[in-house]
Structure formats: C-alpha cells, structure tokens
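In: Need a 3D model of the following:
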Amino acid sequence: MPVTALVSAKSSGVTTTALALTLASKRPSLLAECDPAGGTIRAGFLQGHVGAGFGLYHLAAAERTGSVALANAFASHLWGLDEAGHRKLLPGLTDPGQAAALGRTWPALSEVMHVLADDAGYDVFVDAGRLALESGRLHTSLTPAPLLHQADLVLMVVRGAEHSLTLARHLIDPLRTELAERGSGPDALGLLLIEDGPYRAHQVTEALKTPVLAALPWDPDTAQYFAHGGRPPRGYGRSTLLRHARTATEHLEATATRRRIQQQYPPRPANPQLAGVLQRLTERGGPRG
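Out: Numbers count the residues shown, from 1 in each chain. Purely as a prediction, here's the structure:
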C-alpha cells in the first residue's frame, strides 16, 4: 500500500482531507500528523482527550537511542481512531518549537511508515502541512522534507478557486524539481482537489500542469465534525465526503502501484529490527479516550 504525503500552499484543508482518507479506507490505515507548525487533531477532532505526553515529539528522543527504540516508541504513541483499532493516528506536535528536534528523526520515521505500508498493508497518510521553501528548496525545518522525498505519492491539496490555484502555482514547479532530484521522481506529484469553487478537475489540471489524482466534494457538515469533533452529523457514515474519500484511496493505491511497476522500483530491503512494530500493531488496537 502507498505512503501518501499531503501538503498545501496555504490552509486548504490538508488535515481534514487526510483524516477523511484515513477513516474512509477499506484497509488498515495510519494518519501521521507531521506538520512542523503543530497538529490540530488532538485539540479538534479528539477534543483534548490525548495529552501532550503522547505523540510525534516523543519519537525524537527514541530515535537517538536507535531504530528498535524508535519502532517501539512509534507503536506506543499511536492512538486508535476506531474501536477495532484498524485506523490509527500519530498525534502531531503541541508546540511548533518542537519541530527542530525532529530533523534527524524524519528519515527513520519514514522507514517505519514504509514498513507498515509494504509489509502490513496499511494505507499511510502523512499530513505534512503547509509547504515552505528556502532558496527554491524545501525548508529543512519548516517542512518534513525526507517524508516527502520518500513518499510514494505527494499530493498538493487545492480548492477549485482562483486564490488557491494562484498560491499553488508558485510552489508546484519547485516541488516537482525537488521530487525529481531528491525524491522518487517528478511523477510522484499530483493534486487533490477540494471541490469548493468554480473550477473543475480538468481545469485545475490545465492551470497547474499537474494531474488531479483525486477529488473530494465540499461537505461542510462533515468537515466541521473532523475539525472540531463532537457529535457526528446526521448520515455521517453515508456522507458524500466519506464515500468519495473511500473511492479516492482506491485510486491513489492504483496510481502508486502503476508508478511502482513502470519505474521498476526494487523491493525495499527488509529491516528485521522493525519487525516488532508490525507485531505490536496487530496485537492491540491502540489506546482510546
């Protein structure tokens, strides 16, 4: 299964989109909230039920001990998003000042995510937040660059409105170049369109010279629930957002598979030290509030 990173030029609903994809997937799924500016699901969708002693920041200290410690810490800091534990969250930072400590953690964390995707069949979604550049390159502390470099797909989330496309237009080419030179190739880049505005998918593709790989409807009631938690809206399980998100996960998996076949990527080398992650994740569903 793919590791898919989501970014935006400005607030375009990356976190809500990533949460929708994670909850809608037909397969076991993981959402890693890796926005250096801080996570919002802890205080929003989960309404503060997850304390600051839990989540992404604590993996930095574990990584300095070694890959086994990181793998164990990763498994221990996942929060179950459903009763069965098939959908999991790695809660994000509570303070943007914590991001600097994760610079050397991102590559090792990416490896753990790929183990889940390749060996355990997880759909892995990375909320990488707002894209930040420095001298035409991904900013080394304001963007989790190694996660984008190693992702199977990188989706820029845009809305079908002129202001969103204008902001994205200035970032698309530098990001494509970055993925060509340091990532898995320029064709890893695609768009995820939020259908909020007059522009349709073919128009967005033409405007940004980048394919729309998935589109989600503008569903304000469900989006509000994902942003703030509380009681699900009426008909939540049959909502248009969840139904289209489920279809989107299938399209993304098919796209990543085609890329892998076309590029003839060799299998990732096995890492026996990370085997404990898979065992722990299948043994328990993860804590819940």
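In: Point out where the stretch 151-289 of the chain drops to low pLDDT.
Out: For the stretch 151-289 of the chain, applying pLDDT under 70 flags the ranges 265-289.
In: try 50 this time
Out: Judged by pLDDT under 50, the stretch 151-289 of the chain has its weakly predicted residues at 289.
In: could you pull out the helices for the protein?
Out: Here the chain has its helices, by DSSP state H, at 14-24, 59-65, 67-76, 106-120, 145-150, 162-182, 201-208, 220-228, 240-263, 275-283.
In: Mind exporting the C-alpha coordinates of the fifth one to PDB?
Out: Looking back up the chat, that one is helix 145-150. Extracted C-alpha coordinates of helix 145-150, given in PDB (Å, rounded to 0.1, in the frame of the first residue of the first chain):
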ATOM      1  CA  ALA A 145      11.300  17.100   3.600                       C
ATOM      2  CA  PRO A 146      12.500  13.500   4.000                       C
ATOM      3  CA  LEU A 147       8.900  12.300   4.300                       C
ATOM      4  CA  LEU A 148       8.100  14.000   1.000                       C
ATOM      5  CA  HIS A 149      11.200  12.700  -0.700                       C
ATOM      6  CA  GLN A 150      10.500   9.100   0.300                       C
END
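In: circling back to that earlier point, deepest-packed of the helices of the chain, please.
Out: Scoring the helices of the chain by mean neighbour count under mean count of other C-beta atoms under 10 Å gives helix 14-24 as the most buried, with a mean of 25. Bear in mind the C-beta positions are built from the backbone N, C-alpha and C, glycine included.
In: now for that helix, which elements pack on it?
Out: strand 3-8, strand 29-33, strand 87-90, strand 123-130, helix 220-228, helix 240-263 (3 or more C-beta pairs under 8 Å, 6 or more residues apart in numbering; DSSP states H and E).
In: can you give me the angle that helix makes with helix 220-228?
Out: 100 degrees (axes from the mean of the first three to the mean of the last three C-alpha atoms, to 10 degrees).
In: Relative to the whole chain's centre, how far out is helix 14-24?
Out: Offset of helix 14-24 from its chain centre (C-alpha atoms, centre = their mean, to the nearest Å): 8 Å.
In: Which residue of this structure lies farthest from its centroid?
Out: Taking C-alpha atoms, centre = their mean, the residue of the chain most remote from its mean C-alpha position is R234, at 26.9 Å.
In: Would you check how far apart it and L165 are?
Out: Distance of R234 to L165, computed by C-beta to C-beta, to the nearest Å: 33 Å.
In: that older thread, indicate which one of the helices of the chain is closest to V50.
Out: helix 67-76 (13.0 Å; C-beta to C-beta).
In: Counting by contacts, list what the closest one packs against.
Out: Applying 3+ C-beta pairs under 8 Å, 6+ apart, one finds that helix 67-76 contacts helix 59-65, helix 106-120, helix 275-283.
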